[in-house]
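S.K.: coords below, sequence missing:
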């Protein structure tokens, strides 16, 4: 442990770690390498204010214009849009523009919409994503798909973005081929889960069991059996880890390393040594997306 790490607060959950585990403070990847591959657009919206959104277009980057490519909509967590373009990384979507991830998916469009977030004089967030954004987000997706070679549409996001992911699937289940709600304590009521399943939406839901901002036993456990019965892929690891295999710690005014499952998703669910985080996903998130795209709808 280096000098900087020694000065970091020790997480309360550190006492629960098995003897062979260690704490890791940063993901292995760094953000910003692929920002230039995203184009910036504005969607005029009276209800929420004009919405900035970023798009990665695989055809512009050399993919076959006669192909058909999935659309991945990445929804950020609270405060992330205050970081501007860096939200492309914060939301978990940036590395999906990398050549390796694009090749693994056979190409994909990426959309990163930004909520019009505002803070008060004390720095507290006063405006962010809400259900008011659902229809505008649908319109942005349709705008991107209008003249593009697009296939199945996926929504995914962590924390508040995970809540928005579920809400989009509730409101517009016929729009999506798959969703990945991440680190959210919100789970729809059974009738909504059943309707999502009836529309053949593939669901991959994930959260760490020691999430510092949520209560896994209260928020997730009551819904686990229902989600499994519906065929949803449920990934709830004991510990959220970084690529080096260490248990993730991130102090951002409060400890939230175990809340940051989005970092594992952006790492494509592979450790730095190439081993998958979950043996059920030997080809990572990109493999799951490709598998869903190849699935036939009866």
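M.R.: Yes, it's here. Computed from a predicted structure; not experimentally measured. Numbers count the residues shown, from 1 in each chain.
S.K.: show me the contacts for residue 156.
M.R.: By Cβ atoms under 8 Å, 6 or more residues apart in numbering, residue 156 lies in contact with 72, 73, 74, 75, 92, 165, 179, 180, 181, 182, 265. For every residue, glycine as well, the C-beta is placed using N, CA and C.
S.K.: please repeat the previous calculation with a cut-off of 6 Å.
M.R.: 165, 180 (Cβ atoms under 6 Å, 6 or more residues apart in numbering).
S.K.: before we move on, what about the one 5 residues further on?
M.R.: When contacts are counted by Cβ under 6 Å, 6+ apart, residue 161 is found next to 75, 76, 77.
S.K.: show me where this structure has its strands.
M.R.: Chain-ordered strands for the chain, with DSSP state E as the definition, fall at 23-24, 38-43, 51-56, 69-75, 109-113, 118-119, 125-127, 150-158, 178-182, 202-206, 233-235, 247-248.
S.K.: quick check: angle from the third one to strand 109-113?
M.R.: Put plainly, it is strand 51-56. For strand 51-56 against strand 109-113, the angle between stretch directions is 160 degrees (axes from the mean of the first three to the mean of the last three Cα atoms, to 10 degrees).
S.K.: which residues sit against strand 51-56?
M.R.: Strand 51-56 is contacted by residues 37-43, 45, 88, 97, 110-114, 136, 140, 144 when judged by Cβ under 6 Å, 6+ apart.
S.K.: can we see that at 8 Å?
M.R.: Contacting residues not belonging to strand 51-56 are listed as 34, 37-43, 45, 85, 88, 96-97, 108-116, 133, 136, 140, 144 [Cβ under 8 Å, 6+ apart].
S.K.: buried subset of those?
M.R.: If you count burial by 16 or more other Cβ atoms under 10 Å, the buried members of the contacts of strand 51-56 come out as 34, 37-38, 43, 45, 85, 88, 96-97, 108-115, 133, 136, 140, 144.
S.K.: related to what we said a few turns ago, ranking the contacts of residue 161 by neighbours, who comes first?
M.R.: Neighbours were tallied for each of the contacts of residue 161 (criterion: other Cβ atoms under 10 Å), and the maximum of 32 neighbours falls on residue 75.
S.K.: could you give the number of residues near the closest residue in space to it that isn't next to it in sequence?
M.R.: Of all residues beyond its chain neighbours, the one nearest residue 75 is residue 157 (3.1 Å), with distances taken as Cβ to Cβ, 6 or more residues apart in numbering. Burial measure for residue 157: 32 neighbouring residues, criterion other Cβ under 10 Å.
S.K.: can you verify my assumption that residue 157 contacts residue 181?
M.R.: Yes: contact status for residue 157 versus residue 181: in contact at 7.4 Å, counting by Cβ atoms under 8 Å.
S.K.: now do the buried residues in stretch 219-237.
M.R.: When neighbours are counted by 16+ other Cβ under 10 Å, the buried residues of stretch 219-237 are found to be 220, 223, 226, 227, 232, 233, 234, 235, 237.
S.K.: could I get the residues you listed in a markdown table, plus columns for pLDDT and distance to residue 15?
M.R.: Output for the buried residues of stretch 219-237, formatted as a markdown table (pLDDT from 0 to 100; distance: Cβ to Cβ, whole Å):
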| residue | pLDDT | distance to residue 15 |
| --- | --- | --- |
| 220 | 98 | 23 |
| 223 | 98 | 28 |
| 226 | 98 | 33 |
| 227 | 98 | 31 |
| 232 | 98 | 33 |
| 233 | 98 | 31 |
| 234 | 98 | 27 |
| 235 | 98 | 25 |
| 237 | 98 | 19 |
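S.K.: specify which member of those residues is nearest to residue 210.
M.R.: The closest of the buried residues of stretch 219-237 to residue 210 turns out to be residue 237 (Cβ to Cβ; 9.4 Å).
S.K.: looking at it, residue 177 is touching residue 155, isn't it?
M.R.: No: counting by Cβ under 8 Å, no contact exists between residue 177 and residue 155, whose distance comes to 9.7 Å.
S.K.: kind regards, and thank you for your time.
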